[in-house]
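Participant: got a structure for you, letters missing:
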């Protein structure tokens, strides 16, 4: 296992279009997180899963954002009706359940909305 | 609310000199503390963490960090900086039993001058 994988690495989309990003976590990890990072800022928490259960989603930025992890393995993050303000780096991370463990991050998907 | 502050947006240090990247935090419990590094167009890489015990923790690439409970700080240090250490550094906290997200600082850009 080579780590957390995200696809695509870059996405350019027109305003109003829907986009979906995929994250494949480290296979032994049961927790999966989504973060958003804008220029000059630290990663901002969006949501996380414990296996297939989404345990926190109140930090999703709007109802245009949704995430799934249907089989407790890979996850998808969808943004509907994209806006220019959605342009950012979307980071996925995974970890074991124990809170003392660090999270391992993917390389991110850079979204540009034009 | 949990928050992390990195008071310096930019740190410059000459190669071979010691470096310090500062981090302070404000949390409602006893935190777990982490440092991550981010190279251009890459995801975050874990450097080190403090969970409990010795206040000085050692991590990857010769980095270490000192936990100071009274000052609520967790500064990152390295005795002798390398040009290859130039990157963006993020401090993060996680507070047990308050949710599972990591709260990140805004990052410090480290430049090591040859």
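Facilitator: Alright, I've got the coordinates. Because the structure is a prediction, the values reported are computed rather than measured.
Participant: Could you pick out the residues of chain B near chain A for me?
Facilitator: For chain B, the residues in contact with chain A (Cβ under 8 Å from any Cβ of the partner chain) are B:4, B:32, B:34, B:36, B:41-46, B:49, B:51, B:90, B:92, B:94, B:96-97, B:99-107. Every C-beta, even on glycine, is put in place using the N, C-alpha and C of the backbone.
Participant: Mind checking which of those residues are buried?
Facilitator: When neighbours are counted using 16 or more other Cβ atoms under 10 Å in any protein chain shown, the residues of chain B next to chain A contain these buried positions: B:4, B:32, B:34, B:36, B:43-46, B:49, B:51, B:90, B:92, B:94, B:99-105, B:107.
Participant: Where do the strands of chain A begin and end?
Facilitator: Taking DSSP state E as the criterion, chain A carries its strands at A:5-7, A:10-13, A:19-24, A:31-37, A:44-50, A:53-56, A:65-68, A:75-79, A:88-95, A:104-105, A:109-113.
Participant: Which one of these lies nearest to residue B:11?
Facilitator: strand A:31-37 (19.9 Å; Cβ to Cβ).
Participant: contacting residues for residue 83?
Facilitator: Unless you meant another one, I'm taking chain A. Applying Cβ atoms under 8 Å, 6 or more residues apart in numbering or on different chains to residue A:83 gives the contacts A:15, A:64, A:113.
Participant: try again with chain B
Facilitator: Residue B:83 makes contact with B:15, B:112-114 under the criterion Cβ under 8 Å, 6+ apart.
Participant: And residue B:87, by the same measure?
Facilitator: Applying Cβ under 8 Å, 6+ apart, we find residue B:87 in contact with B:37-40, B:109-110.
Participant: circling back: mind putting the contacts of residue A:83 into CSV with distance to residue A:57 and neighbour count?
Facilitator: Output for those, formatted as CSV (distance: Cβ to Cβ, whole Å; neighbours: other Cβ atoms under 10 Å in any protein chain shown):
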residue, distance to residue A:57, neighbour count
A:15, 24, 13
A:64, 13, 14
A:113, 22, 19
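Participant: From those residues, which one has the minimum pLDDT?
Facilitator: Least confident of the contacts of residue A:83 in the model: residue A:64, at 94.
Participant: check contacts around that one.
Facilitator: Residue A:64 sits next to A:79-83 when contact means Cβ under 8 Å, 6+ apart.
Participant: tell me which of these is nearest to chain B?
Facilitator: For those, the minimum distance to chain B (Cβ to the nearest Cβ) is 19.4 Å, reached by residue A:79.
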